[in-house]
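**Q** Need coordinates for the following:
(2 chains)
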Amino acid sequence: MSERRLPPVTQVGMLSLSLIVAAVIYLSAHLPHHVSLGPAVALLVASALLLFGIVVALARAPGFAWGRFLEVGKWALLAYTVIAAMIEYVFLRNNTSGGPLVVLTLSLIVFALTVPVLIAFTVARYDEPA
Amino acid sequence: MASATVSTPGVAAAAGAPPAIRPLDFQIVPRRGLPIVAFVLVVVVVAIAVNDVWPLMFLHVVAGATWTVIDLFLGFVLGPIIGSMSVPARAEFTSRLMPKMVLIMPTAVTVTLAAGWQLSTNLGTNQVGYALHGWVVASFIVVGVMSVIALGLLEPANIAVLTEMKKPRPNPEVIERLMKRFIYTAGATGLMQVATFVIMTKLATG
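**A** Below is the predicted model:
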């Protein structure tokens, strides 16, 4: 099998995705009323840090197929940007504004980055580096 | 299009090793389907902008039913069938089914969520004061868990197995491992769709 020893991107990415989904659920469950942003911000920051950690760990992994990762990742990013934009549009349409909108937008950005990373990693881990 | 050319199980390179698979000719993302996806998304944007109950209800129910039925069918009917197929047969079947799923599932999920949120805002069912708000939040949680499984495990396995099958020399072990992951996660999301049925029928009947 062409699989190499790589950091646990899928597991950590799943955790990052879980945290960001939890942040969006927390905000959605309280909108349009006033909502304390603390828990959502904490979840967002933790999720973003995990995503950053994944990318750093991958950058240090020898023999990773970056070519394939970027090839798949760019198309997945395009697709999930469209999906995130649709969700953002619904919140904007319903006059979400201020702090909740900022946190929601950032959460959707992290979401739109995490999923392509997971897809691209799963494809690239079985590929030979260029 | 899939002009599948797979070897028969008897072509296994070595005893005990998964049978060899010849590369298959297909598009991972069927380009012919992209205009349809774009059209559906435009319809959703318009429906949300118009904010009329009927088109929102139509889109939410149709897309939600599509999502639910495909998950259940894939998890409990097709999944076990695929699992019992030989690797080459599984590869051929997968090369025809999965590219369609790459387009259908994200579109169905996006339409369900976007139209559903707008619908619940219109009807006031996502308000904290709504009598069944707890059930609405429960639906968020069920969808959230399904999304994490689908986006974190199922979708990557789907794309990876299709990419592997297009290689000049596909690795049957990789395909088998990814297909197993796909079938198990499809089963898990199928199981969670039963919870969606419970919640949605409760919300519909009050």
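**Q** Dump the helix or strand of chain B with the lowest mean pLDDT to CSV, restricted to CA.
**A** Taking mean pLDDT, DSSP states H and E as the measure, helix B:79-83 is the helix or strand of chain B with the lowest mean score, a mean of 83. Listed next in CSV are the C-alpha coordinates belonging to helix B:79-83 (Å, rounded to 0.1, in the frame of the first residue of the first chain):
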residue,chain,number,x,y,z
GLY,B,79,-24.4,-0.5,1.3
PRO,B,80,-24.7,-4.2,2.3
ILE,B,81,-25.1,-5.2,-1.4
ILE,B,82,-22.0,-3.3,-2.3
GLY,B,83,-20.1,-4.8,0.6
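**Q** Now do the buried residues in that helix.
**A** Neighbour-count burial for helix B:79-83, with 16 or more other C-beta atoms under 10 Å in any protein chain shown as criterion, is recorded at B:G79, B:I82. In short, each C-beta sits where N, CA and C put it, glycine included.
**Q** Give me the helices and strands touching that helix, please.
**A** Contact here means 3 or more C-beta pairs under 8 Å, 6 or more residues apart in numbering or on different chains; DSSP states H and E; on that basis helix B:79-83 packs against helix B:87-123, helix B:172-205.
**Q** ok, now which ones touch the residue of chain B found nearest chain A?
**A** Nearest residue of chain B to chain A: B:P156, at 3.5 Å (C-beta to the nearest C-beta). Contact criterion C-beta atoms under 8 Å, 6 or more residues apart in numbering or on different chains gives A:T10, A:L118, A:I119, A:F121, A:T122, A:V123 as the residues in contact with B:P156.
**Q** Now neighbour count too, for those, in CSV please.
**A** Output for those, formatted as CSV (neighbours: other C-beta atoms under 10 Å in any protein chain shown):
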residue, neighbour count
A:T10, 20
A:L118, 27
A:I119, 28
A:F121, 25
A:T122, 26
A:V123, 26
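**Q** Filter those residues down to just the ones in helices.
**A** When helices are assigned by DSSP state H, the members of the contacts of B:P156 inside them are A:T10, A:L118, A:I119, A:F121, A:T122, A:V123.
**Q** Please name the nearest non-neighbouring residue to the second one.
**A** So the one you mean is A:L118. Setting aside the residues directly before and after it, A:L118 is nearest to A:G13 in space (C-beta to C-beta, 6 or more residues apart in numbering or on different chains), at 4.5 Å.
**Q** Okay, now the unreliable bits of the chain?
**A** In the absence of a named chain, this looks at chain A. Counting by pLDDT under 70, chain A contains low-confidence ranges at A:1-4, A:32, A:130.
**Q** if you could check chain B rather than the one you did, that'd help
**A** Of all residues in chain B, those with pLDDT under 70 make up the ranges B:1-23.
**Q** got the residues of it near chain A?
**A** Applying C-beta under 8 Å from any C-beta of the partner chain, we find that chain B lies next to chain A at B:29, B:41, B:44-45, B:48-49, B:51, B:106, B:109-110, B:113-114, B:117-118, B:121, B:126-128, B:136-137, B:140-141, B:144, B:147-148, B:151-153, B:155-157, B:159-160, B:163-164, B:171, B:173-174, B:178.
**Q** give me phi/psi at A:H34?
**A** Summarising the backbone geometry of A:H34 under the convention degrees, to the nearest 10, its torsions are phi -60, psi 140.
**Q** Can you get me a residue count around it?
**A** The local packing count at A:H34 equals 10, with neighbours defined by other C-beta atoms under 10 Å in any protein chain shown.
**Q** Now residue 27: which helix or strand?
**A** Assuming you mean chain A. Under the criterion of DSSP states H and E, A:L27 resides in helix A:9-30.
**Q** tell me which strands and helices that helix is in contact with?
**A** Applying 3+ C-beta pairs under 8 Å, 6+ apart, one finds that helix A:9-30 makes contact with helix A:38-60, helix A:98-124, helix B:133-149.
**Q** between the second one and helix B:172-205, how big is the angle?
**A** It stands for helix A:98-124. 150 degrees (axes from the mean of the first three to the mean of the last three C-alpha atoms, to 10 degrees).
**Q** What of the first one?
**A** Angle, helix A:38-60 to helix B:172-205, by the same axes, to 10 degrees: 170 degrees.
**Q** Please enumerate residues in contact with helix A:38-60?
**A** A:6-7, A:9, A:12-13, A:15-17, A:19-20, A:22-23, A:26-27, A:64, A:69, A:100, A:103, A:106-107, A:110, A:113-114, A:117, A:121.
**Q** Check the offset of that helix from the chain's centre.
**A** Computed by C-alpha atoms, centre = their mean, to the nearest Å, the separation of helix A:38-60 from the middle of its chain amounts to 9 Å.
**Q** what's the following helix or strand after it?
**A** Past helix A:38-60, the next helix or strand by DSSP H and E is helix A:66-93.
**Q** Same check on the last one?
**A** Using DSSP H and E, the helix or strand that follows helix B:133-149 towards the C-terminus is helix B:155-166.
**Q** returning to what we had before: give the buried residues for the helix holding A:L27.
**A** Residues of helix A:9-30 classed as buried by neighbour count (16+ other C-beta under 10 Å): A:9-10, A:12-30.
**Q** Also stretch B:165-173?
**A** By neighbour count, and taking 16+ other C-beta under 10 Å as the criterion, the buried residues in stretch B:165-173 are B:M165, B:K167, B:P170, B:N171, B:P172, B:E173.
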